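S.K.: predicted model, plus sequence, below.
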Amino acid sequence: AQTVTQSQPEMSVQEAETVTLSCTYDTSESNYYLFWYKQPPSRQMILVIRQEAYKQQNATENRFSVNFQKAAKSFSLKISDSQLGDTAMYFCAFMKTSGTYKYIFGTGTRLKVLA
Amino acid sequence: DVKVTQSSRYLVKRTGEKVFLECVQDMDHENMFWYRQDPGLGLRLIYFSYDVKMKEKGDIPEGYSVSREKKERFSLILESASTNQTSMYLCASSFLAGYTYEQYFGPGTRLTVT
């Protein structure tokens, strides 16, 4: 069975600084997707970034980028130039591409950006 | 923009009551999901559906059932609510296949069972 581990329950970062959120996963699948979702306080969860396992190049979306280490089964999220609006709960998620499209979520990291 | 709506943001029910949580999506998505979110436990899948009248159990289906009579609507039913079902419930939807596999989430229903 697949598992997703986020070892940092809470983190804080100064505005304009860079922060990295950790995620590790365990799977025997060779083909899968990894995601980071953001849940702002009292707002809907939205997708931040997605990585396909067969792609070696790390995904980037503006100030958000990932460090995908397939052999180490690690998928960290880097937020550059942190903004107050980045304050949120961040969830790492895994989805295998065979069978049903079920996600496995981590327990989340609560990030607070300080002014 | 994809919109996933849930019938209530906050709900308070008594132990033993039958509870209905409704979810509607407007993007013609085949897949729909119900999760519960608890502090320190992340999101756990209760049930999902990949087509009308089709359903599959997730990781924690005990005490819950679901109904999907129309493609756009997916209901979660607590047959006899208990205090350990106090939680945040999130609905999500996605296309059956496609390179994005992105799930779109509703705003959540915070259910309190007293």
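M.R.: Arrived safely.

S.K.: can you show me the strands along chain A?
M.R.: A:3-5, A:10-14, A:19-21, A:24-26, A:32-39, A:46-52, A:60-61, A:64-69, A:74-79, A:88-96, A:103-105, A:109-114 (DSSP state E).

S.K.: er, chain B I mean
M.R.: Under DSSP E, chain B gives strands at B:4-6, B:10-13, B:19-25, B:31-38, B:42-49, B:56-57, B:64-70, B:73-78, B:87-94, B:104-105, B:109-113.

S.K.: wait, which of these is closest to residue A:108?
M.R.: strand B:42-49 (5.3 Å; CB to CB). Quick note: C-beta positions are derived from backbone N, CA and C, even for glycine.

S.K.: would you mind pulling up the elements that that closest one packs against?
M.R.: strand A:103-105, strand B:31-38, strand B:56-57, strand B:64-70, strand B:73-78 (3 or more CB pairs under 8 Å, 6 or more residues apart in numbering or on different chains; DSSP states H and E).

S.K.: list of residues touching stretch A:46-62?
M.R.: Stretch A:46-62 is contacted from outside by A:29-39, A:64-68, A:70, A:75, A:77, A:90, B:99-103, B:105, using CB atoms under 8 Å, 6 or more residues apart in numbering or on different chains.

S.K.: list buried residues within those.
M.R.: A:32-39, A:64-66, A:68, A:75, A:77, A:90, B:101-103, B:105 (16 or more other CB atoms under 10 Å in any protein chain shown).
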